[in-house]
Every structure is written in structure tokens, then in C-alpha cells.
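Q: what shape does this take:
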Amino acid sequence: RNLAVLDLCFSSVTAPKMLVDFLSEKKTISYQGCMAQIFCIHLLGGATVFFLSVMAFDRYIAISRPLHYVTIMNTQLCMGLVVAAWVGGFVHSIVQLALMLPLPFCGPNVLDNFYCDIPQVLRLACTDTSLLEFLMISNSGMLVLIWFLLLLISYTVILVMLRSHSGQARKKAASTCTTHIIVVSMIFIPCISVYSRPFTTSSLDKALSINYTVMTPML
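A: Below is the predicted model:
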């Protein structure tokens, strides 16, 4: 349920403004609106990363400890995991925003993208941003890369454990895990490509950003 709310909010951050800009002759966004977009994108994106981790943990408990699932995944633990996911997304986002706000912008402030995000806004700053870019890559890029590897390892362990289950149970669990792996890959691979290397404004980055900010959340 929380992931569905996140997907709805995520697409709502970028899609409406993008559609308005497509129909408008003058495509503008205020500084405050741009910073708000960056904050919301990274809040919801960070929370999505943590919620996908919660889903992987839930599948692991369901498959490895089926008789103790209800006891382990009790209401208190579930609420704690939900709160932790939102807090994790908030901390990640507020760090990004805190690094962006002091930057001076001298103009011309023309964004080479359909929404505000760190790689494009950093290019508009009239100061050396190499250290800041390194910090941003360490924060965003390393977060998604390390989390993606951990999720792949966890799902690999789950699929290996399925060998001891009956045929019907194995088929059902494998189907669920495969769906989760596809969702994880659709979100993480574009994010890794954009945030885990020196920032650019290539057309490929634009296509990848549409994938994880608009298309995937709407599926």
C-alpha cells in the first residue's frame, strides 16, 4: 500500500509540470519550485529504495520462516519498517537539498531536462561544483548501487532456499520474487546509470530519468 502511494506521488511530482510545459510556449519554473521538485523526487525515491528492501525482507521471512511469519512480521515491526523507510528517504533528501541551497546561480538558468534534478541544476551554478558533485554521487549513486547489490543477493538467497520447497509452493514464490526483481531492476538500473557516474546532460540520461520518474511509477 505504501509503495502504491509512493508511485502515485512520484509520478505526480514530475508528470503534471511536464505536460503543462509541453503545451506551453514559455517553459519556466521558479527557484522555489525547482528546489521543491528536487526535495520531493529524492524523498520519494529514497523511500522507494527502502520500501523495496522491506519487500525483500518480507519475502525472505515468508519463505525461510513460514510458520513464524505472523509472529516475526507483527504490526509493531511493520510500522517500524514503514517509519524507517520514510525517515530514510527524508534524511537522504534533506542532505541533497542542504548541499544545493547555498549554490550561487548567475544565469542564464536554462535547464536541459523536463524537470529539476541535481545533475542539471549543478551545471547552472556559477562556481566550482566538482567536490559537491562527488558528495552527491557518494550520497545518491552509492546508495542505489549498494542497495541494488544487496537486494540482488537477498533475492538470490531466497531463490536458492526455494529448492527445498514443494513444487507448487516453489512455483508461486518464484513467480512473486521474479516480479519483485523486475521492479527492482526497472527502478535501480536507470538510477545507477544517472547517479553513479559524473553528471552529464546527455539524451540517454533524459530517457532514463523518464523511465524511473514517470513510466515505472505509473505501471
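
Q: which residues touch the residue nearest to His92 when sequence neighbours are not counted?
A: Across the structure, with Cβ to Cβ, 6 or more residues apart in numbering as the measure, the residue nearest His92 apart from its sequence neighbours is Gly46 (3.7 Å). Glycine gets a C-beta too; all of them are placed from N, C-alpha and C. The neighbourhood of Gly46, defined by Cβ atoms under 8 Å, 6 or more residues apart in numbering, consists of 88-93, 143.

Q: list the buried residues in the host helix or strand of Leu135.
A: Secondary structure assignment for Leu135, by DSSP states H and E: helix 130-136. Residues of helix 130-136 classed as buried: 132-133, 136 (neighbour count, 16 or more other Cβ atoms under 10 Å).

Q: distance from the chain centre to it, please.
A: Averaging C-alpha coordinates over helix 130-136 and over its chain gives two centres that are 19 Å apart (Cα atoms, centre = their mean, to the nearest Å).

Q: just stretch 121-135 next, same as before
A: Taking the mean of its C-alpha atoms, stretch 121-135 sits 22 Å from the chain's own mean (Cα atoms, centre = their mean).

Q: show residues contacting it.
A: The set of residues external to stretch 121-135 that reach it, using Cβ under 8 Å, 6+ apart, is 34, 38, 99-100, 103-106, 109-112, 136, 198-199, 201.

Q: give me the buried entries from those.
A: The neighbour count (16+ other Cβ under 10 Å) marks 34, 38, 99-100, 111, 136, 199 as buried among the contacts of stretch 121-135.

Q: and of the residues you listed, the nearest to Leu8?
A: Taking Cβ to Cβ as the measure, Ile38 is the one of those closest to Leu8, at 19.3 Å.

Q: does the nearest residue to that closest one once chain neighbours are set aside sit in a helix or strand, and which one?
A: Leaving aside its sequence neighbours, Ile38 sits nearest to Cys116 (Cβ to Cβ, 6+ apart; 5.5 Å). With the criterion set as DSSP H and E, no secondary-structure element contains Cys116; it sits in neither a helix nor a strand.

Q: what sits against Cys116?
A: Cys116 sits next to 29, 33-35, 37-38 when contact means Cβ under 8 Å, 6+ apart.

Q: and with 10 Å instead?
A: Cys116 makes contact with 13-14, 17, 29, 31, 33-41, 100, according to Cβ atoms under 10 Å, 6 or more residues apart in numbering.

Q: mind picking the two most distant members of those residues?
A: Largest separation among the contacts of Cys116 by Cβ to Cβ: Lys17 and Met100, giving 18.3 Å.

Q: what pLDDT does the model give the residue nearest the centre of the chain?
A: In the chain, the centroid-proximal residue (Cα atoms, centre = their mean) is Gly45; its distance is 3.1 Å. Gly45 is assigned 86 on the pLDDT scale.

Q: pull out the buried residues from the helix or strand containing it.
A: Counting by DSSP H and E, the element that carries Gly45 is helix 31-64. Going by neighbour count (16+ other Cβ under 10 Å), the buried part of helix 31-64 is 34-35, 37-61, 63.

Q: after it, next one along is what?
A: Secondary structure here is assigned by DSSP H and E; on that basis, the next helix or strand after helix 31-64 toward the C-terminus is helix 69-72.

Q: which parts of the helix or strand just after that following helix are buried?
A: Beyond helix 69-72 on the C-terminal side, the first helix or strand identified by DSSP H and E is helix 75-100. Under the neighbour-count criterion of 16+ other Cβ under 10 Å, helix 75-100 has 81-82, 85-86, 88-89, 92-93, 95-97, 99-100 buried.
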